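Student: Give me the fold of what follows.
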Amino acid sequence: MRSSQYPCAAFIAEDHPTVPPSGPGAHICALMDGKGEADALLAPAVRDYLAQQMLVVAIGGEASMEAMCTRLYGMRAVTAEQKAKGQLLVRRWTDVYATQAGFEPRKALDRLEALFSRCAEDARYAGVRLVGQMDWVVSASGGGHDVLVFERGMGRLLKAYGQAALCVYDLQRLSGQLLLGLLSTHPLALARGKVVASPFYREHC
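Tutor: Purely as a prediction, here's the structure:
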C-alpha cells in the first residue's frame, strides 16, 4: 500500500486488534489496496454472514459481482440449503441505486429501507448484511458528495433496523478528502486486514 499518498496513512498503517465486524448496526468502511486485496477478503466475509443465517445482499458493478460469484461458488461458500432459501442476493448497482437521473442517494436509501423492513417480517433470516463494492459510486456521485450523503443515511438506517453493512472502497481511487469523509461517516474501518473504530467518525443526526 502506498500509504504516503493518503492523509490518514498513520491510522491505516497501525497494527490494531481485530473486533467483531458484523453485529447489529455495524457500518464498516473497508479500505482495499486494489482488486486482489478485495478478492481475498470479501468471499470469507460473505461466507461468514451466510453461516449466521443472514440474508446477504451483494451490490456492485456487473463484472465485480460476476467475479465474486465465481469465487464464492468455487470455494463452496454457498451451501445448497442457503441457495434454496435465497440467502445470497447479487445485484448490479444500477438495479438497486440508480434511477433515470443517475445515482440519487435518498431514493437508494428508500429502497434499502424497504428491504430491511421486509426482512424484519421474514423468519427465514436472522437479519440483513449488505456487502457493497463501492468503486462505481465514486465515479457516479460527482466527486464524492453524494456518496457521503448516502453513507450518512446508511448509518442511520443500520442503527434503526439493527442490520450491518460492509462498504468496500479501493484506496487507489480515493482522493484524500473523500477518504477522510468516508472515515467520518463509518464508525468502523477495515484496513490491513483488521477492523477498528475509526478515530475520524462523527455522529450524524
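
Student: So what sits opposite Arg129 in the bridge?
Tutor: Here Arg129 sits in beta bridges with Val56, Ala164, as judged by DSSP bridges.

Student: Pull the number of nearby residues for it.
Tutor: Neighbouring residues of Arg129 were enumerated by other Cβ atoms under 10 Å; the total is 24. To be clear about C-beta, it is placed using only N, CA and C from the backbone, and glycine gets the same treatment.

Student: Ok, Tyr161 next?
Tutor: 19.

Student: How about it, nearest residue that isn't a chain neighbour?
Tutor: Residue nearest to Tyr161 in three dimensions, not counting chain neighbours: Phe116, with 4.1 Å by Cβ to Cβ, 6 or more residues apart in numbering.

Student: Could you name the specific helix or strand carrying that neighbour?
Tutor: Using DSSP states H and E, Phe116 sits in helix 105-120.

Student: Where does the prediction get shaky in this protein?
Tutor: Low-confidence segments of the chain (pLDDT under 70): 1-22, 39-40, 100-101, 137-143, 204-205.

Student: and Gly23, what does it touch?
Tutor: Shown in contact with Gly23 (Cβ atoms under 8 Å, 6 or more residues apart in numbering): Ala164.

Student: any idea how far Pro199 is from it?
Tutor: 20 Å (Cβ to Cβ, to the nearest Å).

Student: returning to that earlier point: in the helix holding Phe116, which residues are buried?
Tutor: By neighbour count on 16 or more other Cβ atoms under 10 Å, the buried set for helix 105-120 is 105, 108-109, 112-113, 115-116, 119.

Student: count of neighbours near Thr185?
Tutor: Using other Cβ under 10 Å, Thr185 has 24 other residues around it.

Student: For it, which non-adjacent residue is spatially closest?
Tutor: Sequence neighbours aside, Glu151 is the residue nearest to Thr185 in space, at 4.1 Å (criterion: Cβ to Cβ, 6+ apart).

Student: which residues in the chain form helices?
Tutor: 9-13, 35-51, 62-74, 80-84, 93-96, 105-120, 135-140, 145-161, 176-185 (DSSP state H).

Student: how about those in CSV, adding distance to Ala191?
Tutor: Shown next, in CSV, are these (distance: least, Cβ to Cβ, whole Å):
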stretch, distance to Ala191
helix 9-13, 5
helix 35-51, 10
helix 62-74, 20
helix 80-84, 29
helix 93-96, 23
helix 105-120, 24
helix 135-140, 17
helix 145-161, 17
helix 176-185, 10
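
Student: quick one, what contacts the residue nearest to the spatial centre of the chain?
Tutor: Centroid-nearest residue in the chain: Cys167, 2.1 Å away (criterion: Cα atoms, centre = their mean). Applying Cβ under 8 Å, 6+ apart to Cys167 gives the contacts 27-30, 130, 132, 134, 151, 154, 182, 186.
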